[in-house]
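In: Build me a model:
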Amino acid sequence: MNRAALLWRVASFAVAAGFIALWQLIANLKLVSPVFLPGPDRAWASLVRGFSSGDLWSKLAGTLEHMAYGWLAASIAGIAIGAIIGSSRTMRTYVAPSLEFLRPLPVSAIIPVAIAMLGLTQAMALFVIAFGAIWPIMLATVHGFGAVEPRLYEVARSLQMSRLAVIFKIALPSASPDILAGMRLSLTVALILSVVCEILAGLDGLGHWVLLSARAFRSADLFAGVILLGITGYVTSVAMSLAEHKLLAWQAAQR
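Out: Numbering: from 1, shown residues only. This is a model prediction of the structure:
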C-alpha cells in the first residue's frame, strides 16, 4: 500500500471517528431525547446483545438470503439479456425503446403490482429485488458488448469463429470490466430493496427488525439494525471489489 492510499484510509477513519464522537456528545448532552437518539455506546451494546442472543444472526441471514437470491437472479438475467442485445445492432435498434420505457420506472411503482400478482411472499421479494437490481447489470453489459473493438470482430470473422465463440472468447472478456462494475452497483440496490421488501411484507430480516424496533420505541435496537445494515453494505461492496480486482488481474498483466 502506497503512502497516499494509507493517508486516505487514515483520514477516512478519522472522519468516521469524529462523527461517532459527535454523536456520543449529542447523546450525552441530551440535545435530542434518548428515546429517539441513543448514544453509540447504547447502540453497540444492543448490537452485542442481539448477536449474543442469536436474534440478529437470524435477521442478518434472512436479509443476506433475500439480497443474494435477488442479486443472482438479476445477474444471470441481466448478463444474458445484455449480451443478446449488445451483440446485435438489430436488437439494440428494436429493443432499446422498450428498455428506455422500463428503466426509468421506480421500483416503488412496481411493488404494488408485484404484491397484487404474488402476494406478500418470498416470491414477491425476489421479483422486486431482481427487477430493481437487473438494470445496472444489463445496461453495463450492453455498453460493454457495444464497446468491443471492431477489429476483434474482424479477426473473429477471418478465423470463421461461431457466434457463441465470439461471445465467450472475445466479447465477454472485453466487456467484463463493465459487467463487474454493474454487478457491484446492483449489489447495493439488492440490499436496499431487500430491506424495503422485509418492511412491507413482514419477511424475516433486518428490515423487519428495524420496523419493529421503531414501533416499540427501542431506539438502541433500531440504530443497531441500521449500523448492521451499513456494515453489511460496506463488507459486500469491499468483497465484490476484491473479486473484481482478482478476476480482472489478467488485464493488469497485459498493460
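In: Low-confidence stretches in this protein?
Out: 1-2, 5, 250-255 (pLDDT under 70).
In: And the top helix by length along it, what does it pack against?
Out: Identified as the longest helix of the chain according to DSSP state H is helix 55-86. Helices and strands touching helix 55-86, as assessed by 3 or more Cβ pairs under 8 Å, 6 or more residues apart in numbering; DSSP states H and E, comprise helix 40-53, helix 89-102, helix 122-146, helix 172-201, helix 206-215, helix 219-247. Where you see a C-beta, it was placed from the backbone N, CA and C, and this is true even at glycine.
In: buried residues in it?
Out: Using 16 or more other Cβ atoms under 10 Å as the test for burial, helix 55-86 gives 56, 59-60, 62-71, 73-75, 77-79, 81-86.
In: Just the angle for it relative to helix 122-146, thanks.
Out: Angle of helix 55-86 versus helix 122-146, following axes from the mean of the first three to the mean of the last three Cα atoms, to 10 degrees, is 40 degrees.
In: so how far is helix 55-86 off the chain centroid?
Out: When distances are taken as Cα atoms, centre = their mean, to the nearest Å, helix 55-86 is centred 8 Å away from the chain's centroid.
In: Over to stretch 157-171?
Out: 32 Å.
In: ok, residues contacting that stretch?
Out: Residues from elsewhere that reach stretch 157-171 (Cβ atoms under 8 Å, 6 or more residues apart in numbering): 83, 86-87, 144-145, 148, 152-153, 156.
In: Tell me the one among the residues you listed nearest to residue 10.
Out: residue 144 (35.2 Å; Cβ to Cβ).
In: how much space between that closest one and residue 138?
Out: Residue 144 sits 11 Å away from residue 138, going by Cβ to Cβ, to the nearest Å.
In: before we move on, what about residue 229?
Out: According to Cβ to Cβ, residue 229 and residue 138 sit 26 Å apart.
In: Between these two, which has more neighbouring residues?
Out: A direct count of neighbours by other Cβ atoms under 10 Å for residue 229 and residue 138 places residue 138 higher, at 26 against 21.
In: Quick check: that one touching residue 84?
Out: No: Residue 138 is not in contact with residue 84 according to Cβ atoms under 8 Å; the separation is 10.1 Å.
In: Right, I'll call it a day here.
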